[in-house]
Structure formats: structure tokens, C-alpha cells
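Asks: Model the structure of this input:
(chains A and B)
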Amino acid sequence: MSRFTVEVLVTPRPGLLDPQGKAIHHALASLGYDAVEDVRVGKAIYLEVAAASAEEAAERVEEACRKLLANPVTEDFRVTAEAHR
Amino acid sequence: MNVAVVTFPGSNCDQDCHRSVELVGGTPRHLWHRERSLGDAEAVIVPGGFAHGDYLRPGAIARFSPIMDAVVGFAREGGLVVGICNGFQVLCEAGLLPGALLRNRSLRFQSHDCWQRVERTDTPYTGEYREGQIIRMPLSHADGNYYADADTLAELEAEERVVFRYCDAQGNLTPESNPNGSLNHIAGIVNRRRNVLGMMPHPDRAIEAVLGSVDGLPFFESLVRTEATATATARSEVA
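Replies: Below is the predicted model:
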């Protein structure tokens, strides 16, 4: 068993209104960042997982994403596992 | 009628729901979320509040509380289950109702009265209203912006499952009368079998004149009366 750091990125599904992203976009525009065309806000969740391999760690966490960490109605998720440093 | 009111850590409308049931002649009972059985409950209310601190997403953690297995099983068998405010969020997360409640369009926590139009009176919770009745009660939430994908939304409308819609005092669906950005002005829906209802506004905070509105009373009266009717029907079928 080794320890892996698993990063979960949860993002609003495409097409879903993201009022927080819109507000931040507006603030950026008022600061002169005209090149910013869109802003979406999600969240990052970090888990320390004991597993035999990075693949196994990622699989366990993907299952947890489907059950709890992301809402499939409104959110997508991306999981990356790497050896704990 | 025995009505169980679930209390999660962070629930704050369980007393309001308890009192609402009592006022219309029902027998309410508090049910701690660690319990696993509904006992003799003939209906369940999942009340408002901030179950488990709303961490991760409102309702996301509450739906895995021990009592929720019993609530989901009861609902799947046709049992009466109501989710108000945070309770609505919990029932969506639990998969008993479609869609999700997103952050309010305003990005703010909103706490004020709202108007709703009663769209359906053929549910266990709205028989004591008139169809098209305009009612007023408080809302109090940060995440009440009802969302469902286009297919689900079309299905809800086609199956006449939108029970309450935000409107103005005259019953018009104006953009300003939609407090949180909900699709199709949706304030409350039922499942296909019509035994599970979720709504964001608070009928439980509109039950006595001192609260400024009694428009929530028919909601609880309907609930108690539905049970009486259902029991009478069951008895006559046995006879």
C-alpha cells in the first residue's frame, strides 16, 4: 500500500448558469482584463488515499465522486492521483 | 395522523414544522437523523435549515444520514414525504425529486416574503387550496434557484408536476417576481407518483396571524386530510 494525493476538480456543467463566475467575470472586466472571455467557478478537493496504485486510488475516488463529491445534475468532475510527497 | 419531523444537526425549522402539524390536528414527532426507523409515521417532513452545515452542497451529506434509507424506502412505497427549503435540497440530492437547487441568481442569501401561484390542487398537500390561488409566505435561502435539464423540465411540465410557481401579487409570472432565477418560476414540485413534494418557500412559517400570513395552513391541513381519506379508502377496500 502506498499513499496517493488525489485531486478532484468539480466544475459546473457546460451551459449551466454560473452566477459566481459571472460576478467574477464582471469584476475582472472592471479591472481592465478585457481578454477574459468567460469565467466558471468550481472547487478543488484533495484526498490522501492509501492504495496499491495511482489507478486504484483514482478509481476509488471516482466512485466517491459519483456518490457524494459531485452532483451529476449540475457538476462534472476530474480526478488526478499522484504519489504522495 | 402521525407525522415524523426529521432533525439533522443544523436543521432549524423542525420546531416550526412540528407546530404546524400540531395546529391542524396532527400528531407530530421529532425524529433524530441517527435513527433508522420511521416507527408509526404516516408522513415525513424534512424541514428547513442547514443540515450538516450545508458543507459540500446543501443536502449532499444529509442524504447519507442513517434515517434517510428509511425515508427513501417509505417514499418509494408511496409514503407521504415533504421537503421544505433545505428539505427540498435533501430530497433532490437523495434522488427522490429531479433537478437541483443552485445558488440564487443574486448570489445572496435572501430572506423575505414571496408570492406563489398554486398550480395543482391534485396533490396530497394542496387539496385545501383553490387552483390558481395566490399565496404569500416567507422564503429564506441562498440556494433556491431550481434547475433541471431541458428534458426533465419538459417532463415536469407535461406531467403537471409543478405545484407552486413564484409570481407577483396578481399571479403574473413577471421576471421581477422570480426571486432566485428558478427555471419556469418553479417554487415547488412533486414526483411522478405525487407522494413526494419539495418546495423552497416556507408554509411552516405562515401558519399563524402573528407571523404575518396563514397561507401555509392549507398545506398542512391537506396533508392531514389526505391521510384520513387514504385510510378511509383502505378500510372500505378491506370491507
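
Asks: Which strand residues bridge residue B:164?
Replies: With DSSP bridges applied, the residues forming beta bridges to residue B:164 are residue B:118, residue B:188.

Asks: cool, and residue B:208?
Replies: Under the criterion used (DSSP bridges), residue B:208 bridges to residue B:213.

Asks: How are the helices of chain A distributed by residue range?
Replies: For chain A, the helices defined by DSSP state H occupy A:19-30, A:54-64.

Asks: Around the residue in chain B that chain A sits nearest to, how many other residues sit close by?
Replies: Residue nearest to chain A within chain B: residue B:100 (4.4 Å; Cβ to the nearest Cβ). Where C-beta positions appear, they are placed from N, C-alpha and C, glycine not excepted. Neighbourhood size, residue B:100 [other Cβ atoms under 10 Å in any protein chain shown]: 23.

Asks: ditto for residue B:172
Replies: 12.

Asks: That one: helix or strand, and which one exactly?
Replies: Assigned by DSSP states H and E, residue B:172 falls within no helix or strand.

Asks: Okay, it and residue B:160: tell me how far apart.
Replies: When distance is defined by Cβ to Cβ, to the nearest Å, residue B:172 is 20 Å away from residue B:160.

Asks: coming back round to it: could you redo the helices of chain A as CSV and give each row mean pLDDT, distance to residue B:152 and mean neighbour count?
Replies: Shown next, in CSV, are those (pLDDT from 0 to 100; distance: least, Cβ to Cβ, whole Å; neighbours: other Cβ atoms under 10 Å in any protein chain shown):
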stretch, mean pLDDT, distance to residue B:152, mean neighbour count
helix A:19-30, 94, 21, 14
helix A:54-64, 97, 24, 18
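
Asks: Please convert these to a markdown table, extending it with distance to chain B.
Replies: A markdown table is the format used below for the helices of chain A (distance: least, Cβ to the nearest Cβ, whole Å):
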| stretch | distance to chain B |
| --- | --- |
| helix A:19-30 | 5 |
| helix A:54-64 | 11 |
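
Asks: all strands for the chain, in order.
Replies: As the question left the chain open, I've gone with chain A. A:2-12, A:43-51, A:75-83 (DSSP state E).

Asks: Let me rephrase: I mean chain B.
Replies: Using DSSP E, strands in chain B cover B:2-7, B:27-32, B:43-46, B:80-84, B:100-102, B:110-118, B:134-141, B:145-147, B:162-167, B:186-190, B:196-199.
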